[in-house]
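Trainee: coords please:
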Amino acid sequence: MFFIRTMLFGWLWLACVPLYSQTQLGSNIIGEASGDISGGAVSLSSDGTRIVIAAVNNDGTANLAGHARIFEYS
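Mentor: Okay, the predicted model is just below:
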């Protein structure tokens, strides 16, 4: 069994040239249960402060019902 974690990184830009370094924003986002496929679909807001993470196999309300969680970085 394994858990999938989703991590959000910000890019560091200098004079419109990417430096290819990454800095993690916030802490790791861990899926609720093994096999949920958390992070199988992800959407990020245009300003990068909100992320929606889907777990398509989550069994919270029914077998393989799926769910999405919304997180905000502040």
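Trainee: what stretches of the chain score poorly on pLDDT?
Mentor: The chain contains residues with pLDDT under 70 at 1-21.
Trainee: Now the spatially closest residue to Leu44 that is not a sequence neighbour: which helix or strand?
Mentor: Of all residues not flanking Leu44 in the chain, Ile51 sits nearest, at 5.2 Å (C-beta to C-beta, 6 or more residues apart in numbering). For the C-beta atoms, the positions are set from N, CA and C on the backbone; glycine is no exception. Element membership of Ile51 [criterion: DSSP states H and E] is strand 50-55.
Trainee: what are the pairing partners of that strand, and which direction each?
Mentor: strand 38-44 (antiparallel), strand 67-72 (antiparallel) (DSSP bridges).
Trainee: closest one to Gln22 among those strands?
Mentor: The minimum distance between Gln22 and the strands paired with strand 50-55 falls on strand 38-44, with 14.6 Å, by C-beta to C-beta.
Trainee: starting at the chain centroid, how far to the closest one?
Mentor: Averaging C-alpha positions (C-alpha atoms, centre = their mean, to the nearest Å) puts strand 38-44 6 Å from its chain's average.
Trainee: Pull out the buried residues from it.
Mentor: Using 16 or more other C-beta atoms under 10 Å as the burial criterion, the residues of strand 38-44 that qualify are 38-39.
Trainee: wouldn't the residue nearest to Leu44 be in contact with Ala41 here?
Mentor: No - checked against C-beta atoms under 8 Å, the pair Ile51 and Ala41 is beyond contact range at 11.2 Å.
Trainee: Many thanks, have a good one.
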